[in-house]
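1. give me a model of this one.
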Amino acid sequence: MKVYYSSMYIYKTIYSSDELVKEIDVKAIELYLDTNLCIYLRDFYKEPSSITKREDIWQELRDLLKFIETNNILVDFSIGIEEACRNKSNFEINFEKMLDMNKSINDLFNMNYFEMLEHGRLVRFDKQIKDTTHKEVTKINSLDANSIFQNSLFVNYACLLKMYLIDKEQSCLSRDQLMISFLDFLENEVDLFSTSIVVFAHYYFSGNASIRKIIHKSKNIAEEKIHALWNASIDLVLPTLVSKKLIESNIMPVFVTADEALWNIFNSMKIRATISDGNKFAYPPFVEVDLSNTLWTDEELILINTYYIKIMERRKYKFVFSNFDQEKLLQNLRVLCKRLEDQLKSTI
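-> Residues are numbered from 1 along each chain as shown. All right, here's what the predicted structure looks like:
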């Protein structure tokens, strides 16, 4: 395991905590921990040996804790905890599990670094509260569960379902044509363009193995495929959730994860400018996208980008001369997700 740091406001690629503090004063940053790191911290608090005996995890987690505690860095683990405490069946929050997990991590961070090391030597077992629900063959009801991820999930889930189906049903096309087919889907059926989704699609259709594994690692069982796509949909909400914290708190948000694939996606997007109105974005931020780590050839990338620019030209005044009806959009996406789910199930 390796811990990765990234911020859409820091242009340079950050490979370690040492590099992070060279770029920005530790007093000006707040770390946002992903779900897996929150789970490791919870497990370390409740049953220290479950982490310390796994040297690859313990070494990185120990370094992270030392970095946080010795530098007195602000840490937010609310997003990671919320995702970890949602039921598999319907995405409703398990409040008992959430309160227990939040208390465990809070109690851990109330220790200094040396107390944490001593805690790691304890023989201790505190029973965890587990999710007893099961994966379902649909996530349509989960789309309506109230959460910080909610509205973005409609778009992300529909898009990832379509990526899987394009890959499965249009395998005779070249990879650049598969990407163009997906862009057509965004324009004609989703009617929205999300930067994180477009970046993910570039990695996915160009053949990046770690990105493709996110979708294809699961067993060839409908509920497993659907759950993998759902989890990836949640991950792709994180860049937006974390990055908007700058406007809300005036502190530089830094995303911390042990997922290299997610780090690559996050790190491919950099916010160049924002226009704020009080404590919220007045307009979408200006985002620069770096596709240099995708596997496209220059010729393929030029072809795709030319096609994308033509779509953007057509959509330039899309929401200027028409009223944006969010409820209608979400309802259309709900129907689209159901149709795509049914298509996916018919392929298995």
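2. got a list of what D100 touches?
-> Shown in contact with D100 (C-beta atoms under 8 Å, 6 or more residues apart in numbering): Q128, I129. C-beta: built from backbone N, CA, C; applies to glycine.
3. ugh, wrong one, A145
-> R86, N90, F91, E92, I93.
4. hang on, the first one packs against M101?
-> Looking back up the chat, that one is R86. No - shown here, R86 and M101 do not form a contact pair, counting by C-beta atoms under 8 Å, at 11.7 Å.
5. just the buried ones from the contacts of A145?
-> With neighbours counted by 16 or more other C-beta atoms under 10 Å, the contacts of A145 contain buried members at R86, F91.
6. in CSV: the contacts of A145, plus pLDDT.
-> Shown next, in CSV, are the contacts of A145 (pLDDT from 0 to 100):
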residue, pLDDT
R86, 96
N90, 95
F91, 96
E92, 96
I93, 96
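7. which one of the contacts of A145 is nearest K162?
-> Distance to K162 across these (C-beta to C-beta) is lowest for F91, with 20.5 Å.
8. what strand or helix carries that closest one?
-> When elements are assigned from DSSP states H and E, F91 belongs to no helix and no strand.
9. and the closest residue in space to I39 that isn't next to it in sequence, how many neighbours?
-> What sits nearest to I39 in space, not counting adjacent residues and going by C-beta to C-beta, 6 or more residues apart in numbering, is A84, at 5.7 Å. Neighbour count of A84, defined by other C-beta atoms under 10 Å: 19.
10. how about the contacts made by A84?
-> T35, C38, I39, R42, K97, M101.
11. show me what contacts the residue nearest the centre of the chain?
-> The centre of the chain sits closest to D235, judged by C-alpha atoms, centre = their mean, with a distance of 2.0 Å. Contact analysis of D235 by C-beta under 8 Å, 6+ apart lists I214, D259, L262, I265.
12. let's see 6 Å
-> By C-beta atoms under 6 Å, 6 or more residues apart in numbering, D235 lies in contact with L262.
13. any idea how far it is from F185?
-> The gap separating D235 from F185 is 20 Å, by C-beta to C-beta, to the nearest Å.
14. check K244 too.
-> Taking C-beta to C-beta, one finds K244 at 26 Å from F185.
15. could you pull out the helices for the stretch 51-200 of the chain?
-> For the stretch 51-200 of the chain, the helices defined by DSSP state H, counting those that start in this stretch cover 55-71, 78-84, 95-109, 113-119, 140-143, 150-169, 175-185, 195-206.
16. dump these to TSV, plus distance to I226 and mean pLDDT.
-> Formatted as TSV, these follow (distance: least, C-beta to C-beta, whole Å; pLDDT from 0 to 100):
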stretch	distance to I226	mean pLDDT
helix 55-71	29	96
helix 78-84	17	96
helix 95-109	22	97
helix 113-119	39	96
helix 140-143	10	96
helix 150-169	8	94
helix 175-185	18	97
helix 195-206	17	95
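17. how about the ones you listed in JSON lines, adding distance to K328?
-> Output for the helices of the stretch 51-200 of the chain, formatted as JSON lines (distance: least, C-beta to C-beta, whole Å):
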{"stretch": "helix 55-71", "distance to K328": "44"}
{"stretch": "helix 78-84", "distance to K328": "28"}
{"stretch": "helix 95-109", "distance to K328": "32"}
{"stretch": "helix 113-119", "distance to K328": "51"}
{"stretch": "helix 140-143", "distance to K328": "15"}
{"stretch": "helix 150-169", "distance to K328": "12"}
{"stretch": "helix 175-185", "distance to K328": "19"}
{"stretch": "helix 195-206", "distance to K328": "20"}
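18. return the most buried member of those helices.
-> Neighbour counts (mean count of other C-beta atoms under 10 Å) averaged over each of these peak at helix 195-206, with a mean of 24.
19. next SSE after that helix?
-> Using DSSP H and E, the next helix or strand after helix 195-206 towards the C-terminus is helix 209-216.
20. nothing else from me, thank you.
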